[in-house]
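Q: Build me a structure from this.
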Amino acid sequence: MANKLHRFTDSFRPAPSFFTGTGTSYSVPDIFPIAINGRPYLVDFKSGQFARGFEPRVRDSVDQSTSPGEAAINPQGLWRRGETSWHYGAGQKYADTAEAQDYRFFSSKGVNPWTKGQLTLLNKTKVSLSSAATTAHSVVQDGRVYFSLGADIKYSTDPYASSPTWTDCTGEPGGICAAMATDGNDIYLAFPSDGIRKIDTTAAPGTISGTRFVTGTNSYYMLGFAKGYMFAAHDQNLRQIAGAGTSTDRILIDDPDFRWVGVATGQNAVYAAGYAGKKSLIYKITIKADGTLDSGVVALELPTGEVVTAISGYLGFILIGTDKGVRFASTDSNSNLVAGQIIPTSGEVTKFTSEGRFSYFTWTNYDGVSGGLGRLDLGTLTSANTPAYATDLMYDSTATVNGLVTFDNKRCFWISGIGIIAEDSANLVESGEIVTGTYRWGIPDRKFVAKFDIRTTPLNGTVTPSISLDSSDYVTMGAHNNSLTTESVATAPQTKFIEAKFKLVLARGSATTGPTLTRWMARAYASPARSQVFRVPLLMHHHLRVKDVEYYQDVELELQNLRDLVTNPRVVNYQENTETFSVVLEDLEFQILDGYQTNWDLEGTCIITMRSVQD
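A: Prediction:
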């Protein structure tokens with residue numbers, strides 16, 4: 001019957017309730033257009049309040065800084081991340097977190113980041129002398145670079161020449177040279193069971209003396225000079241070698257397995273490093289007022305499991321090589337060492353050399369393809385006693401790197417089983433790369449990079465960018481390759497991601513010319529999961545007519561249910577026609593039009609504001 005009254009609340013008994021407490025209503029959309037938390041309602045279409053839209057992608061923001069920056073750019077547009085210099089070196093995994101530092105990156109190979117505002121290619125390396133030797137030591141003296149290759153001692157006046165000449169030293173007593181050092185005048189060499197011999201580089205630069213410098217035939221395995229004193233290691237003990245060749249025990253160690261790796265000049269003391277098993281100690285030997293040496297005491301103990309492999313002094317600081325990497329140390333008022341964080345390497349660090357503001361160290365098997373050198377910028381600290389660093393010259397071998405020297409303002413090093421490797425200043429590397437830290441654009445939501453900009457000096461060669469999304473494989477973007485141009489814009493993949501990192505490959509234009517990168521910038525568009533906002537005017541009348549069928553609803557009960565969803569928010573279902581959304585009720589406004597019957601039960605339109613909850 002058309003005038004039969006249908007009830008859909010518990011207030012009208014004994015008729016069965018239309019609402020049964022489920023999260024959805026089967027009467028939508030066949031009878032009612034919408035339902036909230038399983039309760040069906042009619043919509044007041046005439047009110048003009050029925051609407052649906054999305055919340056803003058980002059909120060408005062204001063740049064409070066005193067100088068313009070990225071925050072001054074309209075946040076409704078593309079968000080920018082980029083780099084304009086790389087002189088704070090490598091080792092930064094995340095690039096735009098609160099603790100991130102400007103001008104740092106994650107890793108590099110074949111590029112020079114040390115000129116502020118520029119990234120360029122490094123020189124190539126070449127084999128200066130082939131050798132199958134597996135041990136080597138080296139020094140520079142009187143315009144010559146000397147290398148011991150196993151049992152052979154050789155020197156050269158120009159190891160970097162296109163056809164270098166290496167001259168054999170004479171008078172080798174036999175056996176592998178275990179150590180080599182210079183006092184600035186002569187060169188001293190330690191041979192097994194033959195004590196210490198020397199080369200008078202002024203009188204006979206290629207002749208090893210036939211007379212032992214140190215009496216006896218003790219097997220010395222370490223030689224070094226510090227503060228004008230000569231030191232040598234025999235078994236577990238450190239000895240001071242006098243000018244006449246006599247030796248005096250300076251540090252006596254009880255552990256017969258203890259071995260010394262080197263000595264270094266500090267600001268107010270000599271430092272000697274050694275280890276036994278997994279325990280490494282660095283001793284200080286201070287100079288007394290009468291000019292004699294004091295007893296050695298421990299100045300630094302490395303973490304257990306980190307084995308010291310090399311030590312060097314430069315500009316009053318101490319460089320420590322270990323099987324884990326490099327540590328930089330300063331001294332306190334008592335000449336004890338204060339070491340910085342470990343700079344990690346893939347192999348043990350065996351040698352240092354320093355020039356200007358830079359110190360170089362050996363880096364074995366950097367990436368499974370190459371080994372060579374790393375470089376420290378002692379003028380730039382990224383944290384306390386931790387200088388900026390990056391890779392430097394490389395050669396395609398994963399064998400042990402050793403025998404490092406600076407000669408004629410260039411580097412020369414040795415690779416086990418390969419020979420002496422020299423810097424090739426006539427050729428740049430064919431290509432080098434830099435990998436940025438990971439960027440998140442300051443939000444955990446998804447975004448995508450729309451454009452990638454590159455800026456260089458007038459271009460020689462190419463710069464090719466690529467992007468890795470959420471640790472996936474790199475995808476190449478358009479290369480900057482138009483000769484002598486200074487800018488290019490590449491279209492990035494439109495795939496959404498949480499975080500991304502970038503790799504830029506610089507390729508040379510000729511043997512001596514290559515690109516100079518001055519800036520890159522990634523422009524991203526934030527694409528978070530955006531909530532929909534629903535504004536729904538509900539007809540709140542006791543007497544409703546739907547499709548020629550009359551229904552009663554308890555307006556006050558329905559309002560109470562809706563108010564509870566606002567004051568005690570929780571996720572409920574909102575049905576609209578054939579769609580269902582997970583929503584939270586944010587607001588309720590009851591516009592009263594009339595009263596019902598004599599008890600003045602109020603009727604009108606209840607405008608509900610809801611926000612969808614995205615997965």
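
Q: Just the local confidence number for residue 95, please.
A: Per-residue confidence for residue 95 comes out at a pLDDT of 96.

Q: Please tell me how far it sits from residue 467.
A: Distance of residue 95 to residue 467, computed by Cβ to Cβ, to the nearest Å: 13 Å. Glycine gets a C-beta too; all of them are placed from N, C-alpha and C.

Q: which neighbours do those two share?
A: Common neighbours of residue 95 and residue 467, using Cβ atoms under 8 Å, 6 or more residues apart in numbering, are residue 501.

Q: where's residue 184, which helix or strand?
A: According to DSSP states H and E, residue 184 maps onto no helix or strand at all.

Q: Please disregard the earlier target; I meant residue 565.
A: Secondary structure assignment for residue 565, by DSSP H and E: helix 555-567.

Q: okay, the angle between the helix or strand following that helix and helix 555-567?
A: For helix 555-567, the following helix or strand on the C-terminal side (DSSP H and E) is strand 572-576. On the basis of axes from the mean of the first three to the mean of the last three Cα atoms, to 10 degrees, strand 572-576 is oriented at 120 degrees to helix 555-567.

Q: Identify each buried residue in the helix or strand following strand 572-576, please.
A: Using DSSP H and E, the helix or strand that follows strand 572-576 in sequence is strand 579-596. Neighbour-count burial for strand 579-596 flags 581, 583-585, 588, 590 (criterion: 16 or more other Cβ atoms under 10 Å).

Q: Just give me the closest of the residues you listed to residue 322.
A: residue 584 (56.0 Å; Cβ to Cβ).

Q: Identify the residues contacting the residue lying closest to that closest one once chain neighbours are set aside.
A: Nearest non-adjacent residue to residue 584, counting by Cβ to Cβ, 6 or more residues apart in numbering: residue 569, 5.1 Å away. Contacts here follow Cβ under 8 Å, 6+ apart; on that basis residue 569 touches 584-586.

Q: pLDDT below threshold where in the stretch 501-615 of the chain?
A: Where the stretch 501-615 of the chain drops to pLDDT under 70, the residues are 596-600, 615.

Q: what's the burial count for the nearest residue to residue 460 once chain neighbours are set aside?
A: Closest residue in space to residue 460, ignoring its immediate chain neighbours: residue 509 at 3.6 Å, by Cβ to Cβ, 6+ apart. Other residues lying near residue 509 total 17 when counted by other Cβ atoms under 10 Å.

Q: can I assume residue 509 sits in a strand?
A: No: using DSSP: H, G, I helix; E, B strand; the rest coil, the assignment for residue 509 is coil, not a strand.

Q: Could you check how far it is from residue 256?
A: Distance, residue 509 to residue 256, by Cβ to Cβ: 59 Å.

Q: Also residue 37?
A: Distance of residue 37 to residue 256, given as Cβ to Cβ: 81 Å.

Q: who's more crowded, those two?
A: Legend: neighbour count by other Cβ under 10 Å for residue 37 and residue 256, higher for residue 37 (22 against 10).

Q: show me the contacts for that one.
A: Residue 37 neighbours (Cβ under 8 Å, 6+ apart): 23, 561, 565, 572-573.

Q: Give the buried subset of these as a ChimeraX selection command.
A: Restricted to buried positions by 16+ other Cβ under 10 Å, the ChimeraX selection for these reads:
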select :565,572,573
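
Q: Sort out which one of the contacts of residue 37 lies nearest residue 443 for me.
A: For those, the nearest to residue 443 is residue 572 (27.8 Å; Cβ to Cβ).

Q: what are the ranges of the helices in the stretch 401-550 of the chain?
A: Here the stretch 401-550 of the chain has no helices by DSSP state H, counting those that start in this stretch.

Q: now the contacts of residue 569 in JSON lines, with distance to residue 222?
A: Shown next, in JSON lines, are these (distance: Cβ to Cβ, whole Å):
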{"residue": "584", "distance to residue 222": "72"}
{"residue": "585", "distance to residue 222": "78"}
{"residue": "586", "distance to residue 222": "75"}
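
Q: Under the pLDDT cut-off, which ranges of the chain? List them.
A: Judged against pLDDT under 70, the low-scoring parts of the chain cover residues 1-22, 57-77, 215-217, 596-600, 615.

Q: Okay, domains of it per the record?
A: 5-55+530-612, 71-120+434-526, 123-428 (automatic domain parsing).

Q: Any buried residues in stretch 293-310, and which?
A: For stretch 293-310, by 16+ other Cβ under 10 Å, it's 293, 296, 299-300, 302, 306-310.

Q: right, and the pair among these with maximum separation?
A: 293 and 306 (27.6 Å).

Q: can I get the CA coordinates of the helix holding residue 565 in CSV?
A: Extracted in CSV, the C-alpha atoms of helix 555-567 (Å, rounded to 0.1, in the frame of the first residue of the first chain):
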residue,chain,number,x,y,z
VAL,A,555,15.3,12.5,14.1
GLU,A,556,16.7,12.9,17.6
LEU,A,557,18.1,9.4,17.7
GLU,A,558,19.8,9.8,14.3
LEU,A,559,21.3,13.1,15.4
GLN,A,560,22.6,11.5,18.6
ASN,A,561,24.3,8.7,16.5
LEU,A,562,25.8,11.3,14.2
ARG,A,563,27.0,13.5,17.0
ASP,A,564,28.7,10.5,18.6
LEU,A,565,30.6,9.9,15.4
VAL,A,566,31.9,13.5,15.6
THR,A,567,32.7,13.7,19.3
